[in-house]
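Enquirer: next input, structure requested:
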Amino acid sequence: MNALLLAAEGEAQPPLIPYIDELVIGLIAFVIVFGFLAKKLVPNINKVLEERREAIEGGIEKAESAQIEAQSVLEQYKAQLAEARHEAARLRQEATEQGTAIIQEMKAEGQRQREEIVAAGHTQIQADRKAAAASLRQDVGKLATDLAGKLVGESLTDTARQSRTIDRFLDELEEKAEAVR
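Expert: Numbering: from 1, shown residues only. Predicted coordinates:
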């Protein structure tokens, strides 16, 4: 109305002041659009925002549960690793003990074999000594008989007598050798 009055009077409306009737129509249109948006669009926007908030919270909860589960699995792996290390240490200790026992057994077996070899060597030496003594006795007896025969000037061919004389002579030598020891 003011605009009409001003127009009738011929004065110009200031450019920054709106006409009242335009202001009322604009206000009514704004209320209608705002009411439409409030009734139709805002609930849909709120619904989408709520769904997104729930999805984010659900994702956070899933991530937290996954992190808790991962921590639990990590602790289980650490426990299994510690158990495996303990088992490996026990097996190493057991292997060391078995190795030591085997070494001791091998040493004992080697000692036993060495003693058998030494005993067999002593037995062989005794047998060789007896064989050498018998052979030497025969050779010495023959040489002594030949020498005695040359000294006496006759042949001493009686083998039984010869053998007794030689045995008696050698027995006397052995007794003298044992007395000296």
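Enquirer: neighbouring contacts of stretch 23-35?
Expert: Pro18 (C-beta atoms under 8 Å, 6 or more residues apart in numbering). (Each C-beta comes from the backbone N, C-alpha and C, glycine too.)
Enquirer: check which residues of that stretch are buried.
Expert: By neighbour count on 16 or more other C-beta atoms under 10 Å, the buried set for stretch 23-35 is empty.
Enquirer: what is the mean pLDDT for it?
Expert: On average, the pLDDT along stretch 23-35 is 93.
Enquirer: same question, stretch 56-70
Expert: In this model, stretch 56-70 carries a mean pLDDT of 90.
Enquirer: how far off centre is that stretch?
Expert: Relative to the centre of its chain, stretch 56-70 is centred 37 Å away, using C-alpha atoms, centre = their mean, to the nearest Å.
Enquirer: what stretches of the chain score poorly on pLDDT?
Expert: Applying pLDDT under 70 to the chain flags residues 1-11, 148-162, 181.
Enquirer: ok, which stretches of it are strands?
Expert: For the chain, applying DSSP state E gives no strands.
Enquirer: and the residue nearest the centre of it?
Expert: Centroid-nearest residue in the chain: Ala88, 4.9 Å away (criterion: C-alpha atoms, centre = their mean).
Enquirer: distance check, it against Glu115.
Expert: Counting by C-beta to C-beta, to the nearest Å, the gap from Ala88 to Glu115 is 40 Å.
Enquirer: and Leu147, by the same measure?
Expert: Going from Leu147 to Glu115 by C-beta to C-beta gives 46 Å.
Enquirer: what of Leu27?
Expert: According to C-beta to C-beta, Leu27 and Glu115 sit 126 Å apart.
Enquirer: could you do Ala134 as well?
Expert: Distance of Ala134 to Glu115, given as C-beta to C-beta: 28 Å.
Enquirer: how about Tyr19, phi and psi?
Expert: Dihedral angles phi and psi of Tyr19 (degrees, to the nearest 10) take the values phi -70, psi 140.
Enquirer: number of nearby residues for it?
Expert: 16 (other C-beta atoms under 10 Å).
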